[in-house]
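Chemist: dropping the sequence and predicted coords here.
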Amino acid sequence: QAKSELEKAQAELEKHKADVASLSEQSGSQSQELEQAKSELKQARVELEKHQADVASLSKQSGSQSQELEQAKSELEEAQAELEKHKADVASLSEQSGSQ
């Protein structure tokens with residue numbers, strides 16, 4: 001009977017050894033996958049930071065261009081008003097000249 005129990009125990013031990021080997025293999029595989037995922041995450045973060053910097057730069061440019069556009073519109077309106085004034089002056093002088 002002792003021999004039978006010893007054989008059972010040895011069989012159980014072999015089973016546990018096989019389980020440990022399997023789990024160890026799985027763990028190694030998962031460790032590799034984890035490192036791969038960490039690497040991809042790091043790359044994604046770098047890419048995200050680059051895109052955020054690009055967006056910030058474009059936003060700043062856009063704001064600056066908007067200001068320049070408003071300034072140009074304002075200057076154009078002033079120039080158009082000045083032109084209308086000169087046209088009125090020319091028309092007035094032309095009229096005066098014609099009546100002389």
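Modeler: Looks like it arrived, so ask away.
Chemist: identify the residues contacting the residue nearest the centre of the chain.
Modeler: Residue closest to the mean C-alpha point of the chain, counted by CA atoms, centre = their mean, is residue 51 at 3.3 Å. Not one residue lies near residue 51 by CB atoms under 8 Å, 6 or more residues apart in numbering. For glycine as for every other residue, the C-beta is placed from the backbone atoms N, C-alpha and C.
Chemist: please give the element, helix or strand, for it.
Modeler: helix 2-99 (DSSP states H and E).
Chemist: put the alpha carbons of stretch 59-73 into PDB.
Modeler: The C-alpha atoms that make up stretch 59-73 are tabulated as PDB, following Å, rounded to 0.1, in the frame of the first residue of the first chain:
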ATOM      1  CA  SER A  59      -3.600  77.000 -33.700                       C
ATOM      2  CA  LYS A  60      -1.100  79.700 -32.900                       C
ATOM      3  CA  GLN A  61      -0.500  80.300 -36.600                       C
ATOM      4  CA  SER A  62      -4.200  80.500 -37.300                       C
ATOM      5  CA  GLY A  63      -4.700  83.000 -34.500                       C
ATOM      6  CA  SER A  64      -1.900  85.100 -35.800                       C
ATOM      7  CA  GLN A  65      -3.300  84.900 -39.300                       C
ATOM      8  CA  SER A  66      -6.800  85.900 -38.000                       C
ATOM      9  CA  GLN A  67      -5.300  89.000 -36.400                       C
ATOM     10  CA  GLU A  68      -3.500  89.900 -39.600                       C
ATOM     11  CA  LEU A  69      -6.700  89.300 -41.700                       C
ATOM     12  CA  GLU A  70      -8.700  91.600 -39.400                       C
ATOM     13  CA  GLN A  71      -5.900  94.300 -39.600                       C
ATOM     14  CA  ALA A  72      -5.800  94.000 -43.400                       C
ATOM     15  CA  LYS A  73      -9.700  94.300 -43.600                       C
END
